[in-house]
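**Student:** just coords:
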């Protein structure tokens, strides 16, 4: 329906995506009143809005917290809701993370699939509909800036702007998503008591976010003269491609390396923090040292991704199983603190999970830093059926709607669901090194979104 017109804009679309990828729009904190989420995030918003203006859309910067790009008239709004912020790049990229590299029609760069690529595809889909069709709603691309952290951007939008009547979020998977798990972010902490044999000096997790399986964790320990050789022997026995150390007199600098993944799919990664905790616990146990945080985490988290040792394992064949990601650990001002992220199917009692967490960590301080309830929309909902038909008709496939462990802006609004741009049966590259989208998938997503905009707004 729109493919020829979209193909004519392919090079321009990729160039605009390249412009967006060059901006390292990672959260820089909340302390600068001029830039709510940091200068680079602000640059990403302004750059994206300028692209929209160049294409002939109405745009609005909403006090630097978010923005929108819009066309059409009418009392109802079709909302397309995505974001321009990205998670940190992590280590081990083959390609520069903040340059768009086209390698045999595969576009590499941080944000290509989450969520700058789909946002560019949505913008160009709006353009071909605006230029070639009549619609009876306003079509508004809502631009979030804080999705990877705590959604301050979308909450600000809801407080200050008109809400969409219906919509979709291009920030997950095709064919269409009818359920998203609940999210729970938990921090556990305890006083750190030094002992005469082994002292933890520092942890370094590279400021890893709780929604990312940690790829790296380092720890510096200082040991007494009497056990230096024994500690070295333990570390030598554990040497591998994932664990390494360097020694300077009585200090050991230990590095744990894993595989980065989205916290919604921790089983796809290898957790560097869990690996470090298990190693430290082995060392402390060898010398009969009680370190409350390390011992507790080792016994209740281990290397699991499903919460078995905490007693919160929960399986749901339709909505997906409960998952747990131990994301980071730090030592600051005499306090050890660890953060973890849970994805919980809507059929599971969230309050029961909290009680079990508090019982399992009864030796530690437990605090909740974020909670989102699950999203569930019946499969026979008209919006679900419409989007599913659009996808299947375009691709020639016969897919059913799916559930995910991730959290998208779809749950921020009524009558809104997640819709692409990840294709079924392809690797999930969200939050991973060498994140990419293929040129074909970018063009396909643009086509699918254009049809969806036309069908939902005509």
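**Tutor:** The structure has been received and is ready for your questions. Computed from a predicted model, the values in this text were never measured in an experiment.

**Student:** can I assume residue 170 is in contact with residue 422?
**Tutor:** No - here residue 170 lies out of contact with residue 422, judged by C-beta atoms under 8 Å, at a distance of 9.9 Å. No exception for glycine: its C-beta is placed from N, CA and C like everyone else's.

**Student:** between the two, which is the more surrounded one?
**Tutor:** Just comparing residue 170 and residue 422: by other C-beta atoms under 10 Å the higher neighbour count belongs to residue 170, 30 against 24.

**Student:** for the more buried one, which non-adjacent residue is closest in space?
**Tutor:** residue 118 (3.8 Å; C-beta to C-beta, 6 or more residues apart in numbering).

**Student:** cool, and residue 277?
**Tutor:** Here the residue nearest residue 277, using C-beta to C-beta, 6+ apart, is residue 297, at 4.9 Å.

**Student:** look at the one you found and give its secondary structure.
**Tutor:** Look at residue 297: counting by DSSP: H, G, I helix; E, B strand; the rest coil, its state is helix.

**Student:** give me phi/psi at the residue nearest to residue 170?
**Tutor:** phi -60, psi -30 (degrees, to the nearest 10).

**Student:** any idea how far it lies from residue 20?
**Tutor:** Note on residue 118: its distance to residue 20, by C-beta to C-beta, to the nearest Å, is 11 Å.

**Student:** who's in contact with residue 296?
**Tutor:** Contact analysis of residue 296 by C-beta atoms under 8 Å, 6 or more residues apart in numbering lists 188, 190, 361, 363-364.

**Student:** enumerate the beta-bridge partners assigned to residue 138.
**Tutor:** For residue 138, the beta-bridge partners under DSSP bridges are residue 77.

**Student:** okay, now it: neighbour count?
**Tutor:** Around residue 138 there are 21 residues (other C-beta under 10 Å).

**Student:** what of residue 15?
**Tutor:** Neighbours around residue 15, by other C-beta under 10 Å: 12.

**Student:** residue ranges of the strands in the stretch 201-350 of the chain, please?
**Tutor:** With strands called from DSSP state E, counting those that start in this stretch, the stretch 201-350 of the chain shows them at 212-213, 216-223, 243-248, 251-257, 261-262, 323-332, 335-344.

**Student:** just checking, what packs against the second one?
**Tutor:** This points to strand 216-223. strand 198-204, strand 251-257, helix 272-286 (3 or more C-beta pairs under 8 Å, 6 or more residues apart in numbering; DSSP states H and E).

**Student:** how about the third one?
**Tutor:** Helices and strands touching strand 243-248, as assessed by 3+ C-beta pairs under 8 Å, 6+ apart, comprise helix 228-237, strand 251-257.

**Student:** with the last one instead?
**Tutor:** Using 3+ C-beta pairs under 8 Å, 6+ apart, the elements in contact with strand 335-344 are strand 182-191, helix 292-300, strand 323-332, helix 350-360.

**Student:** skipping its backbone neighbours, what lies nearest residue 163 in space?
**Tutor:** residue 413 (6.1 Å).

**Student:** likewise for residue 395?
**Tutor:** Going by C-beta to C-beta, 6+ apart, residue 395 has residue 444 as its nearest residue, at 7.6 Å.

**Student:** tell me, how many residues neighbour residue 144?
**Tutor:** Residue 144 has 27 nearby residues by other C-beta under 10 Å.

**Student:** of the contacts of residue 296, closest to residue 202?
**Tutor:** Lowest distance from residue 202 to the contacts of residue 296 (C-beta to C-beta) belongs to residue 190, with 16.7 Å.

**Student:** now do the contacts for the closest one.
**Tutor:** Residue 190 neighbours (C-beta under 8 Å, 6+ apart): 292-293, 296, 335-336, 363-365.

**Student:** so residue 215 touches residue 91, yeah?
**Tutor:** Yes - shown here, residue 215 and residue 91 form a contact pair, counting by C-beta under 8 Å, at 6.3 Å.

**Student:** neighbour count winner among those two?
**Tutor:** Taking other C-beta under 10 Å, residue 215 and residue 91 do not tie; residue 215 has more neighbours (24 against 12).

**Student:** could you measure the more buried one against residue 208, distance?
**Tutor:** According to C-beta to C-beta, residue 215 stands 8 Å off from residue 208.

**Student:** check residue 184 too.
**Tutor:** 18 Å.

**Student:** then residue 326?
**Tutor:** Residue 326 sits 10 Å away from residue 208, going by C-beta to C-beta.

**Student:** show me the domain layout of this protein.
**Tutor:** 3-180+375-457, 183-372 (automatic domain parsing).

**Student:** quick one: end-to-end length of the shortest one, please.
**Tutor:** For domain 183-372, the separation between the terminal residues is 5 Å (C-alpha to C-alpha, to the nearest Å).

**Student:** report the mean per-residue pLDDT for that domain.
**Tutor:** Domain 183-372 comes out with an average pLDDT of 95.

**Student:** and what of stretch 27-42?
**Tutor:** Rounded mean pLDDT across stretch 27-42 is 95.

**Student:** please identify the buried residues of that stretch?
**Tutor:** Buried residues in stretch 27-42, counted by 16 or more other C-beta atoms under 10 Å: 27-28, 35-38, 40-42.

**Student:** likewise for stretch 368-380?
**Tutor:** So for stretch 368-380, counting by 16+ other C-beta under 10 Å, buried means 370, 372, 374-375, 377.

**Student:** just say which of the helices and strands packed on strand 243-248 is most tucked in.
**Tutor:** strand 251-257 (a mean of 19; mean count of other C-beta atoms under 10 Å).

**Student:** I'd like to know which elements that one is packed against.
**Tutor:** strand 216-223, helix 228-237, strand 243-248, helix 272-286.

**Student:** which one of these lies closest to residue 124?
**Tutor:** The nearest among the helices and strands packed on strand 251-257, by C-beta to C-beta, is strand 216-223 at 36.5 Å.

**Student:** what angle do that closest one and strand 251-257 make?
**Tutor:** Between strand 216-223 and strand 251-257, the angle comes out at 160 degrees (axes from the mean of the first three to the mean of the last three C-alpha atoms, to 10 degrees).

**Student:** pairing partners for strand 216-223, with directions?
**Tutor:** Strand 216-223 is paired, per DSSP bridges, with strand 198-204 (antiparallel), strand 251-257 (antiparallel).

**Student:** adding distance to residue 132, write those strands out as CSV.
**Tutor:** Listed next are the strands paired with strand 216-223 as CSV, based on distance: least, C-beta to C-beta, whole Å:
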stretch, distance to residue 132
strand 198-204, 53
strand 251-257, 51
